[in-house]
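K.L.:
No letters, just coordinates:
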């Protein structure tokens, strides 16, 4: 009788001591630390190409032949093709222009007998400093929706002039005392065939508008004849020391037509306004998530030919991806720099960067699928001539890098 | 038996003290973006963070940021008496200021020496200070009593944050506190510097008033409560200062890491290079990274430029020019206005229904589409919409009458005009007129009461009619 309550009390104390001990262990193991909460083990791997169980396929390579990819220079544009107007932006000038991308021609402009073929950087010879050549006429601030452009005369004058500005190989002539960097980027091996994301009429959303044309897969555009790779950015990551020059005051145009961004690659001088326009009779939202600039996510009204102002104040270290959340396949890239020494390759894979002060440079070569093709291409530029470089990359270099091979995750039933 | 029990309990207590309580120290954790860096780059980020922001216990206020850390507040008073024997007792003469609680403040003589005030007797005006005062104070002298030290607001904000906010938002402001895993939606991760419900235009960050409003009203439909009864006076500003501090710290970490990645400090980049370039070893690549001009000598410059960008962005947000205000007042929510709003809601001009659904139930077609992963050409594995934090999000069901960003018409106007930052909702201020936005507001506000529209008219009939219009 006497010992029973004692032992009961003892056992109670034992339990209490055990609880204290357990709590100590728990604290030691970090149950209380704030890092432990909310972590989940994600066993699926993004983008490993696992078959999806979605309602509709993510990508659809259509059999339709309406392709907007490499139309070699030689082939004469087929006038009867209804898609001619849409192909116009793809057929860029022979030489990529520095810090300048020609605004996508409006439909009526493109319907003219293609004077754009020869339009190249127009340079003022009197300019002493390596300034960005003013290539385009200031875009009209207000445009009437798809009204005929009152600019045939201007187009003619542009056509007449540029020949004086080109050298024998179709590159912009260099300003006095400067050099340049030019070359060609090619695909090693058999050129992959151009593909469509969605065939004509097969767009999964707004088929009446987006399906009017096939939506091309622009992730890697290789010329079928000379293996030139289109839409590769070549640029200096930092502006050369001593370069002084501000952004041009006239705005750039970034358009959308048939649910495709035009142009796909836009080179922007930081501080230069971009007018985001919409040539579709439906609303789009243009969504960027830049690195050093505030993000932009604004709806662009149907048939907005005036444009919504988009301004990058600061240069970006890598091209900025532009998407439209309403049409998930829409994709474009903005390269924002604080100098004009950059280019995007044309459909023959050619590029030329004029007016570089002589010296040694490290160029970055960037393509949207793999990212960097070459991060530090060393180039020595001498006054009065172009430094030339022919670069060929194989399929491996153009492949999407999905990170290092994933580690095997061991699941144990114990701790 | 008894000695054994005592021993046992003592041992367990000791374990608890050593292992448990001793470990309970607040520390900022690193973002996973920093873990994606190669060791030397990670070290740089860690060092810079520690130097520029300190630890939760020893905060460093970087004055570059437009955050109100709390300026010094002090009063200058005349000395009445000085105990030369004790040297630590000063009697001051001040009639009205003496009502202030002097405990914990500092006595400053001239501009040099500072003495902690350990106690204050308001009756006699006697201060006890430590350490003792070396100099001899005479009644002609005056001393400065620092009531609030520089940075007091941030410190107070830290203390309040640790009390009220840390459970969900975490010590580092990463939205990963101990309770976070039980919450839906997840608490905000401040470290991207993005806050959803703001009164600023779509490209700008949140203004100070937006934090105040969120703290004051809470966020309906989420676990964020209202703090209007809890944070009174300066307390709310103090918490806001600390949230801004955490946000700046977090975004600085992400951006500095990003800049280092561009310079070749990313693990993935290094792996890719090792795979592609022949003759490149890991050690050589790391040495290359470290010997770069930007990393070796230009690091302070790089760090400074990252902070400057953030500071500029935060400063712009409080500029009155970027606040969203309607140009016209809200029209009456008449049947016509609601009908116009309804027509716009499903039209090709606004496409609200693509996400929010034809009936506004948040089940539009975009919830079934694959979105692109940011910064990659891949898409998400599962269809649906994702926010900038990579979490799946639902377009709002507009029938519930719960509006996270506030239920006033102006709040809805601002949501439509400027979008929701960090989420998919774009700003429509660029594409719709004021009248159109107001019509949409009227329509959205009417949706919870859809069935009581126009008296006897059924909802289906109403919708059909509007579709025809």
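P.N.:
That came through fine. These numbers come from a predicted model, not from an experiment.
K.L.:
Count the neighbours of residue B:116 for me.
P.N.:
As a burial measure, residue B:116 scores 12 neighbours (other Cβ atoms under 10 Å in any protein chain shown). (Each C-beta comes from the backbone N, C-alpha and C, glycine too.)
K.L.:
Oh, that last question was meant for residue A:392, not what I typed.
P.N.:
14.
K.L.:
can you check residue B:120 too?
P.N.:
For residue B:120, using other Cβ under 10 Å, the count is 22.
K.L.:
How about it: which residues does it bridge to?
P.N.:
residue B:127 (DSSP bridges).
K.L.:
and the gap between it and residue B:267?
P.N.:
57 Å (Cβ to Cβ, to the nearest Å).
K.L.:
same deal with residue B:238?
P.N.:
According to Cβ to Cβ, residue B:238 stands 39 Å off from residue B:267.
K.L.:
the more surrounded of these two?
P.N.:
The residue with more neighbours, out of residue B:238 and residue B:267, is residue B:238; 24 against 17, by other Cβ under 10 Å.
K.L.:
what's the single longest helix in chain B?
P.N.:
helix B:234-260 (DSSP state H).
K.L.:
Let me know whether the helix or strand following that helix sits next to chain A.
P.N.:
Note on helix B:234-260: by DSSP states H and E, the next helix or strand toward the C-terminus is helix B:267-276. Yes: residues of helix B:267-276 contacting chain A under Cβ under 8 Å from any Cβ of the partner chain: B:267, B:268, B:269, B:271, B:272, B:276.
K.L.:
Over to stretch B:442-452?
P.N.:
No: Stretch B:442-452 is not in contact with chain A by Cβ under 8 Å from any Cβ; minimum separation 15.9 Å.
K.L.:
Checking residue B:283 next. Helix, strand or coil?
P.N.:
helix (DSSP: H, G, I helix; E, B strand; the rest coil).
K.L.:
tally of neighbours for it?
P.N.:
8.
K.L.:
and what of residue B:130?
P.N.:
12.
K.L.:
what pLDDT does it get?
P.N.:
Model confidence at residue B:130, given as pLDDT, is 82.
K.L.:
check contacts around it.
P.N.:
B:88, B:115, B:116, B:118 (Cβ atoms under 8 Å, 6 or more residues apart in numbering or on different chains).
K.L.:
Relative to chain A, how far out is it?
P.N.:
Applying Cβ to the nearest Cβ, to the nearest Å, the value for residue B:130 to chain A is 35 Å.
K.L.:
what's the answer for residue B:445, then?
P.N.:
From residue B:445 to chain A the distance is 20 Å (Cβ to the nearest Cβ).
K.L.:
Which secondary structure state is assigned to that residue?
P.N.:
Per three-state DSSP, the local secondary structure of residue B:445 is helix.
K.L.:
measure it to residue B:338 for me?
P.N.:
In terms of Cβ to Cβ, residue B:445 sits 9 Å off from residue B:338.
K.L.:
Tell me which of those two has more neighbours.
P.N.:
residue B:338 (24 against 20).
K.L.:
Show the contacting residues for residue 276.
P.N.:
As the question left the chain open, I've gone with chain A. With Cβ under 8 Å, 6+ apart, residue A:276 has these contacts: A:254, A:255, A:256, A:286, A:298, A:300, A:307, A:308, A:309, A:310.
K.L.:
my bad, the chain I had in mind was chain B
P.N.:
Contacts of residue B:276 by Cβ under 8 Å, 6+ apart are A:396, A:397.
K.L.:
can you pull the pLDDT of it?
P.N.:
75.
K.L.:
so where's the chain uncertain?
P.N.:
Using chain A. Applying pLDDT under 70 to chain A flags the ranges A:1-164, A:401-415.
K.L.:
that's the wrong chain, I meant chain B
P.N.:
Looking at chain B by pLDDT under 70, you get B:1-3, B:5-8, B:10-24, B:93-104, B:375-377, B:452-469.
K.L.:
Let me see the domain layout of it.
P.N.:
Using automatic domain parsing, the domain ranges for chain B come out as B:73-149, B:155-320, B:335-468.
K.L.:
which other helices and strands contact the longest helix of chain B?
P.N.:
Judged by 3 or more Cβ pairs under 8 Å, 6 or more residues apart in numbering or on different chains; DSSP states H and E, helix B:234-260 is in contact with helix B:32-35, helix B:39-53, helix B:152-164, helix B:208-217, helix B:299-317.
K.L.:
what's the angle between that helix and helix B:152-164?
P.N.:
90 degrees (axes from the mean of the first three to the mean of the last three Cα atoms, to 10 degrees).
K.L.:
got the residues of the stretch 251-400 of chain B near chain A?
P.N.:
B:255, B:258-259, B:262, B:264, B:267-269, B:271-272, B:276, B:309, B:313, B:348-351, B:354, B:365-366, B:368-383, B:385, B:388.
K.L.:
Please pick the buried ones from these.
P.N.:
B:255, B:258-259, B:262, B:264, B:267-269, B:271-272, B:276, B:309, B:313, B:348-351, B:354, B:365-366, B:369-373, B:376-381, B:383, B:385, B:388 (16 or more other Cβ atoms under 10 Å in any protein chain shown).
K.L.:
and residue B:135, how many neighbours?
P.N.:
That count, for residue B:135 with other Cβ under 10 Å as the rule, works out to 12.
K.L.:
same question, residue B:138
P.N.:
9.
K.L.:
ok, now residue A:227?
P.N.:
19.
K.L.:
Now do the same contact list for it.
P.N.:
A:186, A:187, A:188, A:191, A:349, A:392.
K.L.:
State the distance from the nearest residue to the fifth one once chain neighbours are set aside to chain B.
P.N.:
The spatial neighbour of residue A:349 that comes closest, neighbours along the chain excluded (Cβ to Cβ, 6 or more residues apart in numbering or on different chains), is residue A:228 at 2.5 Å. Here the distance between residue A:228 and chain B works out to 21 Å (Cβ to the nearest Cβ).
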